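Q: task: produce atomic coordinates for the following.
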Amino acid sequence: MHLLGRILYGSVLIAIACGYTTLAPNQKKLLRSLELLKQTEAEQTFNQALTLAIESNPELTQHKAVLLKFFQKHFAFNSLKYDIAKLYMEHFTLKEINQLIKFYSEPLGKKLTRVQPQLLIQIQKIASEKMATLLPKLMEVLQQQ
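A: Below you'll find the model as predicted:
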């Protein structure tokens, strides 16, 4: 191998070996934000929320299979994950993202990831029940105006 070839080959190996450390700060932040989405099981949560939204609407339930297939093709999590990661980048520093990744990789963070969808459903149910009891009063207030 010629000297120039060796130098180029060595440079490529060094670049590959250093890979992550030579990334621009925004690239590091994006990669860590994507890792955070992975740690929080964002894709599973997204898919569960989509399924729940369909199942909670009787008009949509009868078309569940078609809707899920359509959404998997045109509205899959992968088509949104970079936009979601960029939201994390806007609201958190790289240090904070790393702290969140650490938290979600620990037992309590994993538990929160597992339990949070159920908590949100229960919170929504409580809020809906409370709103149902307030609806007559709200209607009365609206009629007075």
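Q: after the helix or strand bottoming out on mean pLDDT in the chain, next one along is what?
A: The helix or strand of the chain with the poorest confidence is helix 3-18; it has a mean of 48 (mean pLDDT, DSSP states H and E). Sequence order places helix 25-39 as the next helix or strand after helix 3-18, per DSSP states H and E.
Q: other SSEs contacting that following helix?
A: helix 81-91, helix 94-105 (3 or more C-beta pairs under 8 Å, 6 or more residues apart in numbering; DSSP states H and E). Yep, even glycine has a C-beta here, placed from its N, CA and C like the rest.
Q: low-confidence ranges in the protein?
A: 1-23 (pLDDT under 70).
Q: please repeat the previous calculation with a cut-off of 80.
A: 1-25 (pLDDT under 80).
Q: residue 34 touches residue 81, doesn't it?
A: Yes. Assessed by C-beta atoms under 8 Å, residue 34 is found in contact with residue 81 at 6.7 Å.
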